[in-house]
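In: no sequence for this one, just the structure:
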């Protein structure tokens, strides 16, 4: 059974930074794609960033615009999302996901965490 646990959300002012962490068990990062998604109130869940450890390649949604960085700690099977220059529009629940079928996409085998709230005040 795959377990995904996020941490690191919180309240920050516009322009501030947060680092999210996601610890995964039951799935090795080198075996596939992992990533971050978010869902704002009244909106659909959307992909933020994903990474393939085997390819060493990150993927980002267009709205990230160089503000976020995804990286992994393979020894701890953990994936992080460093978020800088945060804007009120980034306010959402952020979810970590393991075993994506393709970058920024989810599939029937994707495992999710419970999410962590990120709130950016103006």
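Out: Ah, there it is. Predicted model, so just to flag it, every value in this text is computed and none were measured.
In: only C-alpha atoms for contact and neighbour calcs from this point on.
Out: Noted.
In: rounded mean pLDDT for the helix or strand where residue 69 lies, please.
Out: For residue 69, the enclosing helix or strand under DSSP states H and E is strand 68-73. The predicted model gives strand 68-73 an average pLDDT of 96.
In: the closest residue to residue 117 other than its chain neighbours and residue 38, how far apart?
Out: Computed as CA to CA, 6 or more residues apart in numbering, the closest residue to residue 117 that is not its neighbour in sequence is residue 93, at 4.4 Å. Noted for residue 93: a distance of 5 Å to residue 38, by CA to CA, to the nearest Å.
In: more neighbours, these two?
Out: Relative neighbour count places residue 38 above the other of residue 93 and residue 38, with 22 against 18, counting by other CA atoms under 10 Å.
In: for the residue nearest the centre of the chain, list each beta-bridge partner.
Out: Residue closest to the mean C-alpha point of the chain, counted by CA atoms, centre = their mean, is residue 36 at 2.1 Å. According to DSSP bridges, the residues that bridge with residue 36 are residue 49, residue 96.
In: wait, it sits on residue 99?
Out: No - with contact defined as CA atoms under 8 Å, residue 36 does not count as touching residue 99 (11.5 Å).
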